[in-house]
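Participant: Fold the following and give me the result.
(one chain, ligands or ions: 2)
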Amino acid sequence: MPTLGGLLKKRRTKDSQDLSKELQAGSTATGHTTTSPIAAEDSQHHGHHSGHHLFHHSHHPSNNSANTANSNNSHAAEHHQSNHSSAASNKPADGQTASMQSPAQQPSSTSAHSNSGHHGNAASIHNIINPSQQNTPQVSRTERTTKGKYTLDDFAIQRTLGTGSFGRVHLVQSKHNHRYYAIKVLKKAQVVKMKQIEHTNDERRMLNRVRHPFLVTLWGTWQDARNLYMVMDFVEGGELFSLLRKSQRFPNPVAKFYAAEVTLALEYLHSLNIIYRDLKPENLLLDRHGHLKITDFGFAKEVPDITWTLCGTPDYLAPEVVASKGYNKSVDWWSLGILIFEMLCGFTPFWDQGSPVKIYQNILAGRIKFPPYLHPDAVDLLSRLITSDLTKRLGNLHGGPDDIKNHPWFAEVTWDRLLRKEIDAPYVPPIRGGQGDASQYENYQEESEPYGQTGEDPHGHLFPDF
Ligand SMILES: Nc1ncnc2c1ncn2[C@@H]1O[C@H](COP(=O)(O)OP(=O)(O)O)[C@@H](O)[C@H]1O
Ligand SMILES: [Mg+2]
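Facilitator: Ligands and ions are numbered 1, 2, ... in the order given. All right, here's what the predicted structure looks like:
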């Protein structure tokens, strides 16, 4: 039997094809930097620190470096059911097409990793101007002042920060303001092969709509003949996944802090009718002060009522998703339960030797063993989140997310101060190298295929917003 420790160290990536196969094989599945990359350099704010402590438990993870070898031992399913139409899938992008701005600075030089000479549509860049007019109760929106276009020549591409199913995320430096950003590069051919066209367009559209202290900021996108590019803030503190694996499990107050920040982010997304659908520590990043930023909107989607798409990461899937039923936002509250369990225990409740089919069976059976070290309030909250009975699942009841925020486990959380980042994080990542220090991320083998290629572009028309 493989060791628990060995399997748990692997990052769980989405992989729709593998999951589809698994599902066929198994009988179970019936499954803060806020400066525009091209804006002139100006004053930069970091999260405000008032020095107030809510969580007194100081947390020191061990120094063992986590083995985060990227593996496909978990998967996501892509399983569109033809006779179900998802409510939001065919809507235009919120009535907003990204504005094309007048060309920005002419590139002065070509980055070592880029091919020069891309032009016209192949390298056309749609600028992201914060489009949403929607006001949310929580966060006042300010218009993003991104001006001009991006091209590969606006950035010097540096090391890989993470790899995903369809591409990788790079640390980059803006040649204009010299600040650091993260660029997610998706191979169009791969996206098409994995039937993720709609999800990828949604990823851009949803991320473009949102602005929240605990969500990563998208600055712009573009495409060339081969790839799609998404420019985000570089979140310096690394993945919560790495911290959790190094720490094995988090003390109650530490898990509570991260869970509370996630709760606010999900509440905000749901207020915009956006389901996130891929909550897990791999997608939760720490900023330099230790506050969370949720990244990876690869499965985020506007869903006012219900949807049917089978997607996510096995350990975190709600039973109604596994069972191919219609489902709603409350799948995110189920995943919050799984996340809290994983933070407190170091493993997920339905984990089963890395086999998705077994995990699905466990999810559908719904039996959870709560380790004796869990606080009774935590057990109570977890049993109310990780329940297949949708008439009982917290977050899905009349009180909405308030039922979660008012649960005794969160009793000492002052939610408005947490939202303003006035609560000090329990762990501050040791970022010593200043801006652009990527030491909190694992090292990855770099790829040799250069970005910025021109030529035949059979898939470009499928991604009109990029
Ligand atoms: N804004 C960012 N700053 C720093 N690292 C990031 C950022 N966004 C993503 N990453 C890293 O890249 C990894 C893969 O990105 P992600 O969007 O999750 O891709 P995938 O959809 O393939 O899972 C993340 O798990 C994280 O380690
Ligand atoms: Mg991810």
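
Participant: The residue lying closest to F370 once chain neighbours are set aside: which element?
Facilitator: Closest residue to F370 apart from its sequence neighbours, by C-beta to C-beta, 6 or more residues apart in numbering: V379 at 4.9 Å. Backbone N, C-alpha and C define where each C-beta goes, glycine included. For V379, the host element (DSSP states H and E) is helix 376-385.

Participant: who's in contact with the helix or strand following that helix?
Facilitator: Going down the chain from helix 376-385, the next helix or strand is helix 402-405, by DSSP H and E. By C-beta atoms under 8 Å, 6 or more residues apart in numbering, the residues outside helix 402-405 that reach it are T263, E267, W333, L336, L381, L385, L394, G395, L397, F410, V413, W415.

Participant: Return the members of these classed as buried.
Facilitator: T263, E267, W333, L336, L381, L385, L394, G395, L397, F410, V413, W415 (16 or more other C-beta atoms under 10 Å).

Participant: Sketch out the low-pLDDT regions of the stretch 251-400 of the chain for me.
Facilitator: Along the stretch 251-400 of the chain, the parts satisfying pLDDT under 70 run over 354.

Participant: show me where it has strands.
Facilitator: Secondary structure of the stretch 251-400 of the chain (DSSP state E, counting those that start in this stretch): strands at 274-275, 284-286, 292-294, 301-302.

Participant: Apart from its chain neighbours, what residue comes closest to whichever residue of the chain sits closest to ligand 1?
Facilitator: Across the chain, no residue is closer to ligand 1 than G164, which sits at 1.5 Å (C-beta to the nearest ligand atom). Leaving aside its sequence neighbours, G164 sits nearest to T13 (C-beta to C-beta, 6+ apart; 6.2 Å).

Participant: Likewise for H375?
Facilitator: The shortest distance from H375 to any non-neighbouring residue, by C-beta to C-beta, 6+ apart, is to N252 (5.4 Å).

Participant: what does F341 give?
Facilitator: Nearest residue to F341, sequence neighbours excluded (C-beta to C-beta, 6+ apart): P349, at 5.0 Å.

Participant: Ok, A378 next?
Facilitator: W409 (5.4 Å).

Participant: State the distance from that neighbour to R384.
Facilitator: Applying C-beta to C-beta, to the nearest Å, the value for W409 to R384 is 10 Å.

Participant: got it, and P37?
Facilitator: For P37, the distance to R384 - C-beta to C-beta - is 43 Å.

Participant: ok, now M230?
Facilitator: In this structure, M230 and R384 are 36 Å apart, going by C-beta to C-beta.

Participant: got it, and G436?
Facilitator: As for G436, its distance to R384 is 43 Å (criterion: C-beta to C-beta).

Participant: Look at those two and report which has more neighbours.
Facilitator: Using other C-beta atoms under 10 Å, the more surrounded residue of G436 and R384 is R384, with 20 against 16.

Participant: Hmm, that one is touching L394, no?
Facilitator: Yes: the criterion here is C-beta atoms under 8 Å, and R384 meets it with L394 at 4.5 Å.

Participant: shared neighbours of these two, which are they?
Facilitator: Joint contacts of R384 and L394 (C-beta under 8 Å, 6+ apart) are H407.
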